[in-house]
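Trainee: below are the sequence and a predicted model for it; my questions follow.
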Amino acid sequence: MSSSISFTHNKYYSWCRNNLFSSWINGIITILSIYFIYEVSSFFLNWTIFEADFVNNFRGEKITDRTFCSKNIEPGQHGACWAIIIVRFHQFIYGFYPVEEAWRVNLVYGLLPFALVGIFFDNLPFRKYFLYFTFLFPFIGYFLLYGGAGLDVVGTSKWGGLLVTLFLGVTGILLAFPLSIILALGRRSKMPVIKTICIIFIEFIRGVPLITLLFTANVMLPLFLPEGVRPDNLLRALVAVTLFQSAYMAEAIRGGLQAIPKGQLEAAQSLGLTYWQSTRKIILPQALKISIPPIVNTCIGLFKDTSLVLIIGLFDLLGVGRAAVADIDWAKLHYEVYVFISLVFFIFCFGMSRYSLYLEKKLKTDNS
Amino acid sequence: MTKIKSLFISLVLTLGVSTAIAGSHGSTLDIVKERGKLMCGSNTGLAGFGNPNDAGVWEGIDVDVCRAVAAAVFGDANAVEFVPTTSKVRFTVLQSGEIDMLSRNTTWTLQRDVELGLEFVGVNYYDGQGFMVRKDLGVSSATELDGASVCIQVGTTTEMNLADYFKANDMSYEPIPVETNSEADAAYLAGRCDIYTTDASGLYASRAGYPDPSAHMVLPEIISKEPLGPSVRHGDSEWADIVRWSLNAMIIAEEKGITSDNVDEMKNSKDPETLRLLGVSKVGDTGAGYGAWLGLDDDWAYNIIKQVGNYSESFEKHIGVNTPINIARGLNALYKDGGILYAPPFR
């Protein structure tokens, strides 16, 4: 008796009772749901991990093409054959970057967190030096990746896989950010010329799909340039991606600007602050804080949209995956490739999303 | 409004035309030589025709044509940069000068050759629409397919060819429309249709990926012409000649039995055409070799054969009967072996 009382006092028990088994119907639904979750997750875990092949198949042979995959040898085997990812791992991460030069890409990947940490966390010791590094990073990164001055030049046509995805995504977002602030302010400006230019720019860029911009940058631009002037293919894509992102981000920031009560600006002006002073110190900090969710939203959207560059002949992560599936040695391993690619995209997008939540919490003040 | 519109259009046209004229000044060969490598438009991934392998090296019979041109121009079959192109952008990329040549299973048609401003320089694979069935269906000819259900990709020329073929043979069929190649595979394997039809090379490539390829057969009837070949831009015939004769050199090499293994011995051959091809004999008594006509070294064809191989070597290595794709030579055999592969004489 006493044990049953103490049992009912258990908070987990009462939570389950109240939320999962409050009536017969709910109880049945709960049990069915648990069964469903168990079935799905056990299938998925078995497929991805427990029954899957990694380097060797179930006979212990090294997998060098799809005929060695356990599921293609034994009808009873169903697990994934991750060997396709492992064998082509270099391509997925670096594209066609020369193997002996891959350390340069690794170094850039390794330095990237140091470049970002200064922007992300403002209570960091020696933050000033980290910020200096952040400003230098694009130049260091470009030098390391592209080469020159002692390093072998690796043309951007050899870049691929995650490198291209990250290059376009991260650089596009970082370059678009200042541009979008200028556009957003310009669109609310009282000067008609600047205002018109900004409106035309934003509406034009927003009015066409990214794929059209990429296509224009890639194949139309060279037709209008003199012979021999051929801006780099990846650079052209980067310009298109940056313009596209800046137009969207500008509108997100404009939303934040409009949410700031007019009194804020008037109060700032009555203190004698100039337009730039009040914008920089009063308006923008508040507006950007409000705009964090929509900005991150467009960033995540852009990061995924970079996979469209396949159409202009750049092999991003998805493009490498498609080529892997098209290889006759590895044919019909679609699930493995697409699950892997989704996982990579998910990790980055989820990371961005969590960072935006952290920022929102950190910047939360009670007056908003 | 219409005035502004026409003004804008004429402005765009003038710009386009003037840059096109400006673009036609430098010879493609000079540009390629100056750059030090050939830019070649390839597939974004089609097994056996053009696809990067595990090590990131491009392979396939279309890719080999590019390598042949690079071997002819630079003496190095690896002096190529492959630009993956989708079927949507392939022609624009070529026209814009981004690539020097296009070699990605592209059908030679009137419109592409004339209206789109391309120049097809030859055929490196004679394809055609075919039918694939399960062997246990007990069918051996496409004329026995009356009343069958057919998996067909919507909006393609194959769809129209199919309708024409069944109508001409007074047969009926039930179309099962699908969107993509992989969807067609899935529908066919699941038994939703009796027949799967697309270009025969595509059928072979699909079959190679099936769990049990030997349970399926491609019927002998080919119901359309799909000559696939490399192309270049209009307006530079010298460059077109180089690409055309690089492909021809591979075909002639097969005809003469010259392979990458025996090419050095063949330099001592008694056959005059072999000697001309390999750059041993000179043109008359001028002292100049045959390469000079193309603006190349005299051993350009030797380099192609040495580094890339003859047509047969390329075919058997990438799509032949000993590969998973398992395509018999068929139409693509030499004219003297019952096919229609035929190169003009080398003289």
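Mentor: Perfect, thanks for sending it.
Trainee: same question for stretch A:267-280: list its buried residues.
Mentor: Residues of stretch A:267-280 classed as buried: A:268, A:273, A:278, A:279 (neighbour count, 16 or more other CB atoms under 10 Å in any protein chain shown). Where you see a C-beta, it was placed from the backbone N, CA and C, and this is true even at glycine.
Trainee: just checking, the third one touches residue A:270?
Mentor: What it means is residue A:278. No - the pair residue A:278 and residue A:270 does not pass the contact test of CB atoms under 8 Å, sitting 10.1 Å apart.
Trainee: tell me which stretches of the stretch 101-250 of chain B form helices.
Mentor: B:110, B:157-168, B:181-189, B:200-208, B:237-255 (DSSP state H, counting those that start in this stretch).
Trainee: so for chain A, which of these sits nearest?
Mentor: helix B:200-208 (5.4 Å; CB to the nearest CB).
Trainee: let me see the mean pLDDT of that closest one.
Mentor: In this model, helix B:200-208 has a mean pLDDT of 84.
Trainee: so how far is that helix from its chain's centroid?
Mentor: Relative to its chain's centre, helix B:200-208 lies at 16 Å (CA atoms, centre = their mean, to the nearest Å).
Trainee: stretch A:166-173 too?
Mentor: On CA atoms, centre = their mean, the centre of stretch A:166-173 falls 8 Å from that of its chain.
Trainee: which residues are in contact with that stretch?
Mentor: Outside stretch A:166-173, the residues that touch it by CB atoms under 8 Å, 6 or more residues apart in numbering or on different chains are A:112, A:138, A:145, A:159, A:234, A:237-238, A:241-242, A:245, A:299, A:302-303, A:306, A:309, A:316, A:348.
Trainee: buried among those residues? Need that as a selection in PyMOL.
Mentor: Here is the PyMOL command that selects the buried residues among those (16+ other CB under 10 Å):
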select buried, chain A and resi 145+159+234+237+238+241+242+245+299+302+303+306+309+316+348
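Trainee: find the nearest non-adjacent residue to residue B:328, please.
Mentor: residue B:321 (5.9 Å; CB to CB, 6 or more residues apart in numbering or on different chains).
Trainee: ok, the residue in the stretch 101-250 of chain B positioned nearest to chain A to residue B:296 distance?
Mentor: Among the residues of the stretch 101-250 of chain B, residue B:209 lies closest to chain A, at 3.2 Å counting by CB to the nearest CB. Going from residue B:209 to residue B:296 by CB to CB, to the nearest Å gives 40 Å.
Trainee: before we move on, what about residue B:108?
Mentor: 25 Å.
Trainee: and for residue 108, the neighbour number?
Mentor: In the absence of a named chain, this looks at chain A. Neighbourhood size, residue A:108 [other CB atoms under 10 Å in any protein chain shown]: 20.
Trainee: sorry, should have said chain B
Mentor: Residue B:108 has 18 nearby residues by other CB under 10 Å.
Trainee: which ones are touching it?
Mentor: Per CB under 8 Å, 6+ apart, neighbours of residue B:108: B:120, B:123, B:227, B:228, B:229, B:231.
Trainee: okay, now the domains of chain B?
Mentor: Domain ranges of chain B: B:12-126+B:228-337, B:131-224, per automatic domain parsing.
Trainee: deepest of those, which one?
Mentor: domain B:12-126+B:228-337 (a mean of 20; mean count of other CB atoms under 10 Å in any protein chain shown).
Trainee: determine how far that one lies from the middle of the whole chain.
Mentor: Distance, centroid of domain B:12-126+B:228-337 to centroid of chain: 9 Å (CA atoms, centre = their mean).
Trainee: what mean pLDDT does it have?
Mentor: The predicted model gives domain B:12-126+B:228-337 an average pLDDT of 87.
Trainee: please apply the same query to stretch A:129-147.
Mentor: 83.
Trainee: pull up the residues of the stretch 1-150 of chain A that are close to chain B.
Mentor: A:72, A:87, A:88, A:90, A:91, A:95, A:96 (CB under 8 Å from any CB of the partner chain).
Trainee: pLDDT score assigned to the last one?
Mentor: In other words, residue A:96. 87.
Trainee: and it, how many neighbours does it have?
Mentor: Residue A:96: 23 neighbours (other CB under 10 Å).
Trainee: that one touches residue A:158, doesn't it?
Mentor: Yes - Residue A:96 is within contact range of residue A:158, at 4.5 Å (criterion: CB under 8 Å).
Trainee: ok, residue B:106 to residue B:90 distance?
Mentor: For residue B:106, the distance to residue B:90 - CB to CB - is 7 Å.
Trainee: middle-most residue in chain B, spatially?
Mentor: residue B:229 (3.7 Å; CA atoms, centre = their mean).
Trainee: now for that one: which residues touch it?
Mentor: Residue B:229 neighbours (CB under 8 Å, 6+ apart): B:106, B:108, B:120, B:121, B:122, B:123, B:124, B:125, B:247.
Trainee: which non-adjacent residue is nearest the third one?
Mentor: If you skip the residues right next to it in sequence, residue B:120 has residue B:108 as its closest partner in space, 4.3 Å away by CB to CB, 6+ apart.
Trainee: against residue B:245, how distant is that neighbour?
Mentor: For residue B:108, the distance to residue B:245 equals 17 Å [CB to CB].
Trainee: residue B:272 now?
Mentor: From residue B:272 to residue B:245 the distance is 18 Å (CB to CB).
Trainee: confirm residue A:59 sits in a helix?
Mentor: No - secondary structure of residue A:59 (DSSP: H, G, I helix; E, B strand; the rest coil): coil, not part of a helix.
Trainee: show me what contacts the closest residue to it other than its chain neighbours?
Mentor: Setting aside the residues directly before and after it, residue A:59 is nearest to residue A:73 in space (CB to CB, 6+ apart), at 7.4 Å. With contacts defined as CB under 8 Å, 6+ apart, the neighbours of residue A:73 are A:57, A:58, A:59, A:67.
Trainee: how about 10 Å then?
Mentor: Each residue near residue A:73 by CB atoms under 10 Å, 6 or more residues apart in numbering or on different chains is listed here: A:53, A:57, A:58, A:59, A:61, A:67.
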